[in-house]
Every structure is written in C-alpha cells, then in structure tokens.
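# Generate a structure from the sequence data that follows.
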Amino acid sequence: QVQLEESGGGLVQTGGSLRLSCVASGLTFSAYTGIWFRQAPGKEREFVAAINWSGGLRKHADSVEGRFTISRDNAKSTVYLQMNVLEPEDTAVYYCAAGRSYGGFRPSDYRYWGQGTQVTVSS
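From the prediction side, this is the model:
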C-alpha cells in the first residue's frame, strides 16, 4: 500500500519560513518524481515544485521561484519543500504527490497523493 505523509505545516507570520516534509512508503521512492501542489479555498489545485528521481532536475512555479526550494533524500524516502519569505497568498493546503515521469505537472497526472498539510500565513 502506497502512502505519502506530509508534515511541517502550521501558522506563520508574513516573511517567515516553514519546511514541509513528505515521507513515502510502499513504493521505490528513489524511482519517482516528487511534486508539491497547493490548493487555497475556492481555487484549483496548483503546481508548486517538482524534483526528479535523482534530484538533478527541479522546477518551481513562477509564484514561488526564489522563495521556495524543493529537495529530496532518497535514503529517507522523503521530499522537502523549504518555504522562505512566506506571503499571505501562500496560504493553502499543501499536498505532495509521486509519479514515474518528470514533466506535465498537472494534478491529473499523478496517482499517489498525501492527505495534505495546512499552511497559513498571517499578515
């Protein structure tokens, strides 16, 4: 049974930082692309960042470029999202997903999802 479990969300003030973690089990995580999406109330789920199996390829959404950094530790089957200089617009539920291919980055492309972790940025 494949499971992805996010942690690290919480309430932070504008300009603050958080580090999200996503631990995978039930799959050979080192063979999968790791992706972070987020969904704010009343909005569609949107791509945040992706990292390929080796960590050699990374992509960040324009809205978070320079503030967020995705990374991974295959020995720990974990993908991270370091979020700095947080803004109220970053408030959302953050989800991690795993997929075999790197590219596309549409939510419909991914079969495996975590339950999400809430990030709230106060102004």
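
# who's in contact with the residue lying closest to Gly55 once chain neighbours are set aside?
Spatial nearest neighbour of Gly55, chain neighbours left out: Arg72 (5.4 Å); criterion: CB to CB, 6 or more residues apart in numbering. In this view, the C-beta of every residue, glycine as well, is placed from N, C-alpha and C. If you count contacts by CB atoms under 8 Å, 6 or more residues apart in numbering, Arg72 has them with Gly34, Ile51, Gly55, Thr78, Val79, Tyr80.

# if I look at Arg72, how far off is Gly15?
Distance, Arg72 to Gly15, using CB to CB, to the nearest Å: 26 Å.

# now swap in Arg67 and tell me
Arg67 is 10 Å from Gly15, by CB to CB.

# of the two, who's got more company?
Arg67 (15 against 10; other CB atoms under 10 Å).

# Chain neighbours aside, what residue packs nearest to the more buried one?
In space, Arg67 is closest to Val85, 4.7 Å off (CB to CB, 6+ apart).

# Repeat that for Gly10.
In space, Gly10 is closest to Leu18, 6.3 Å off (CB to CB, 6+ apart).

# got a pLDDT number for the one you found?
With respect to pLDDT, Leu18 scores 98.

# From the centroid of the chain, which residue is nearest?
Trp36 (2.4 Å; CA atoms, centre = their mean).

# helix/strand/coil for the residue nearest to Arg67?
Assigned by DSSP: H, G, I helix; E, B strand; the rest coil, the conformation of Val85 is coil.

# Could you pull up phi and psi at it?
Backbone geometry at Val85, expressed as degrees, to the nearest 10, gives phi 50, psi 50.

# what about Gly15, which helix or strand?
Under the criterion DSSP states H and E, no helix or strand holds Gly15.
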